[in-house]
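> Structure here, sequence nowhere to be found:
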């Protein structure tokens, strides 16, 4: 046989063309006794290995030298085995090659040995493929399978696989140990054989509904049977695998109930975190788009927040920005609300809310998870950035537009400034004249009211005294009808005298003849005196009058005036209380004043705005027909204003009212003078309990400077 390379019955040019176009490297080597090997290497060898066919022909051992040093022994033994074979052979080997450029790749060498024993000739034809990528994928698959197997074998719970009929194909060590079997005893065994007789029907139902049909449901509890026939309570979950088998996880409920609950919680938590991350990603993508309007962004935020909640089916969301509001279609205010403010430079500009439309079990924050609050915080911070950016862009546009207008207006403004200054000066002079006239008129009015009230008080008091003499004359008692008339007249004169006293008090406060002399006083003593003075009135109306002001409650007020204001409020509370009601006097926190609550008829909302105005008649009859002058509350307000305080009212018709007599919170100042700093520290420590501000001086000169 001629040792030259031949191609059978195919034309040489067709064979070479096909070899050159092939994505693999093709070679043929002919061995004949007493002659050098004849080699053929397709041109694609250079693309795969980096060496040209000519380099292979020049160096017969080039192929073996290219083999990776760690694989050379294996390849040498493989080639020796092939060459020593006495018959035709097809074989392959996979190993590493070091390319001409030094890179290491994996190749598949698939060869055919042809032997012509009679002629003493044999040749090897082969194809070399670059399988580096396939090798890496196979290694990854191997690692994945090994990891899966490690998880399977090392799982703490019982894990096993079975086919659709229920025949077990594998079981991990935890399951074998739990049931007392080894692998050979379990594989091929039907799961009904491992089920206790008490739960055979339940297991059959599981086979039918979850294995044969492949439904996915919640875990169920069954009782398995160990090797000795004992009961093993399990919680079993079944899932279908990609290869058609089913994976079952069984947990010993007796010992691992708590662990299972924790694992379930982690899975649920992971799903919630995935939803939250997805929500944040979508919102981040929306807010990053240039040109998107705030309305579009708010609508996207509302839509995504609802789906990211733990209970998306009953969740709704809302974004408030100033007077602008975007909410879910199903949004409505509920008591189950989670809210987070939107801030720009530390100032609140809006808020984001999530509401649940139905009650759900309590979580970290009401029915909400702490992570939902964190999600809301992230969204609100992102919206703050977006709104700030939107404001900046809008302000920049407006600024550029206004700048031109401002430049135009500046010249005109300068021209008008001089005229405006003259007009302002004239207006100030006129206003000063009007103010002086108004002040003088007010003083004259107050003096006139004071004189008239004072002049009316004496004759009214005389009339009242004469009426009382007639009404109470025991020697010549009046007829019943006359006595009724005189009694009504006495009541009218009493109200008129009370009104005159109130007018005089109001006038004295406004004209300055009644001065406020404040000092620190125990509010418990003031409220106690007032409660004691009105106890008879309370008992007469069957109303409980309670003093809840703790002893030692310190306030800074004029005792007489503040007591008079408190008396008015307590009197009104009793006046409008019904039988069985409670009028309570209590202290405001931190020495901020006293409040009075009642359970009476309440105040008409239409009267609240003018309740403390002397010009508007707001007085109404009490529950027992008591009448008032309508000047008591204005007098109380004047007293509180003179204290730099205020009166606030909360009221609901039919349920009662609360009046808050608010005072500025003040602390006494103590001047501590001593040149011994240790003694100063001791005194300061001893005075901690009385809540005072201490001003220290080391000598008399410093003390006088502090006093100044």
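Ah, there it is. What you see is a predicted model; the values in this text were computed from it and never measured.
> contacts and neighbour counts: CA atoms only from here.
Fine.
> Can you report the mean pLDDT over the residues of stretch 166-173?
For stretch 166-173, mean pLDDT is 85.
> Sorry, wrong one. I was asking about stretch 339-357.
89.
> what's the spacing between the nearest residue to residue 275 once chain neighbours are set aside and residue 382?
Among residues not flanking residue 275 along the chain, residue 308 sits closest, at 5.1 Å (C-alpha to C-alpha, 6 or more residues apart in numbering). Using C-alpha to C-alpha, to the nearest Å, we find residue 308 at a distance of 16 Å from residue 382.
> Of these two, give the one with the bigger neighbour count.
residue 308 (22 against 18; other C-alpha atoms under 10 Å).
> Now that one: phi and psi?
phi -90, psi 0 (degrees, to the nearest 10).
> Now do the contacts for it.
Applying C-alpha atoms under 8 Å, 6 or more residues apart in numbering to residue 308 gives the contacts 272, 275-276, 278-279.
> Kindly write the PyMOL command that selects the buried subset of the residues you listed.
Those of these that count as buried under 16 or more other C-alpha atoms under 10 Å are selected in PyMOL with:
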select buried, resi 272+275+276+279
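> got the contacts of residue 308 as a markdown table, with pLDDT, secondary structure and distance to residue 415 columns?
Below are these laid out as a markdown table (pLDDT from 0 to 100; DSSP: H, G, I helix; E, B strand; the rest coil; distance: C-alpha to C-alpha, whole Å):
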| residue | pLDDT | secondary structure | distance to residue 415 |
| --- | --- | --- | --- |
| 272 | 71 | helix | 67 |
| 275 | 72 | helix | 64 |
| 276 | 72 | helix | 61 |
| 278 | 76 | helix | 61 |
| 279 | 77 | helix | 58 |
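> Distance to residue 536 for the contacts of residue 308 - can I get that in TSV?
Below are those laid out as TSV (distance: C-alpha to C-alpha, whole Å):
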residue	distance to residue 536
272	65
275	68
276	66
278	70
279	67
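> What is the nearest of the contacts of residue 308 to residue 662?
residue 276 (47.2 Å; C-alpha to C-alpha).
> Return the distance of that closest one relative to residue 468.
Distance from residue 276 to residue 468, by C-alpha to C-alpha: 83 Å.
> And residue 85, by the same measure?
Residue 85 is 148 Å from residue 468, by C-alpha to C-alpha.
> centroid residue for the protein?
residue 373 (1.7 Å; C-alpha atoms, centre = their mean).
> element containing that one?
helix 370-471 (DSSP states H and E).
> same question, residue 573
Using DSSP H and E, residue 573 falls in helix 559-575.
> After that helix, which helix or strand is next?
Next in line after helix 559-575, if elements are assigned by DSSP H and E, sits strand 582-587.
> What is the burial count for residue 521?
By other C-alpha under 10 Å, neighbour count at residue 521 equals 16.
> That one: what secondary structure?
Three-state assignment for residue 521 (DSSP: H, G, I helix; E, B strand; the rest coil): strand.
> if I look at it, how far off is residue 559?
Taking C-alpha to C-alpha, one finds residue 521 at 7 Å from residue 559.
> One more: residue 583?
22 Å.
> all strands for the stretch 151-300 of the chain, in order.
In the stretch 151-300 of the chain, the segments counted as strands under DSSP state E, counting those that start in this stretch are 158-162, 168-171, 220-225, 231-240, 246-252.
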